[in-house]
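S.K.: model the following, please.
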Amino acid sequence: QVQLVESGGGLVQPGGSLRLSCVISGADLYYYSVGWFRRAPGKEREGVSCTSNSDDGTVYADSVKGRFTISRDNDKNTVYLQMNDLQLEDTADYYCAVRLDGSWDYWGQGTQVTVSS
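M.R.: This next block holds a predicted model:
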């Protein structure tokens with residue numbers, strides 16, 4: 001059974017940083033593409049960033065380019081999202097997901113990020 005567990009969310013002031021982690025169990029991350037998504041209050045879920053299993057294709061939403069960085073440690077079966085210069089509009093529940101091909105197969109339960117002064 002594949003499980004994803006996110007952590008690292010919290011309350012941060014504008015301009016601050018957080019690093020989210022997503023630990024995957026029950027699957028070898030080496031073979032999977034990974035992604036981070038978020039859902040802000042009252043809004044639909046949106047993609048934040050994703051990277052392929054070969055790490056040669058990384059995509060960021062325009063709203064986070066230059067501020068967020070996705071990375072992966074296949075040995076630890078862990079995916080990270082480094083978030084810098086956080087803004088009020090980054091407030092959301094953040095989710096990680098993995099896929100082999102096509103649709104996102106497995107999702108975590110999410111971690112809450114609140115940016116507030």
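
S.K.: from now on I want contacts and neighbour counts done on CA atoms only, so please keep to that.
M.R.: OK.

S.K.: quick one: low-confidence parts of this protein?
M.R.: Per-residue confidence for the chain (pLDDT under 70) gives these ranges: 55-56.

S.K.: give me that answer again for 90
M.R.: Residues of the chain that meet the criterion pLDDT under 90 lie in 52-57, 100-102, 105.

S.K.: from residue 24, how far off is the residue lying closest to residue 92 once chain neighbours are set aside?
M.R.: If the residues on either side of it in the chain are set aside, residue 92 comes closest to residue 40, at 4.0 Å by C-alpha to C-alpha, 6 or more residues apart in numbering. Note on residue 40: its distance to residue 24, by C-alpha to C-alpha, to the nearest Å, is 24 Å.

S.K.: the more surrounded of these two?
M.R.: More crowded of residue 40 and residue 24, by other C-alpha atoms under 10 Å: residue 24, with 24 against 17.

S.K.: OK, contacts around the more buried one?
M.R.: By C-alpha atoms under 8 Å, 6 or more residues apart in numbering, the residues touching residue 24 are 2, 3, 4, 5, 77, 78.

S.K.: from those, which would you call buried?
M.R.: Those of the contacts of residue 24 that meet the buried threshold are 3, 4, 5, 77, 78, by 16 or more other C-alpha atoms under 10 Å.

S.K.: quick one on the thing from earlier: closest one of the contacts of residue 24 to residue 112?
M.R.: residue 5 (12.5 Å; C-alpha to C-alpha).

S.K.: buried stuff in stretch 17-26?
M.R.: Within stretch 17-26, the residues that count as buried by 16+ other C-alpha under 10 Å are 17, 18, 19, 20, 21, 22, 23, 24.

S.K.: what about those, which are in helices?
M.R.: Secondary structure defined by DSSP state H assigns none of those to helices.

S.K.: let's have these in TSV, adding distance to residue 70.
M.R.: Putting the buried residues of stretch 17-26 into TSV (distance: C-alpha to C-alpha, whole Å) gives the following:
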residue	distance to residue 70
17	14
18	12
19	10
20	9
21	10
22	11
23	14
24	15
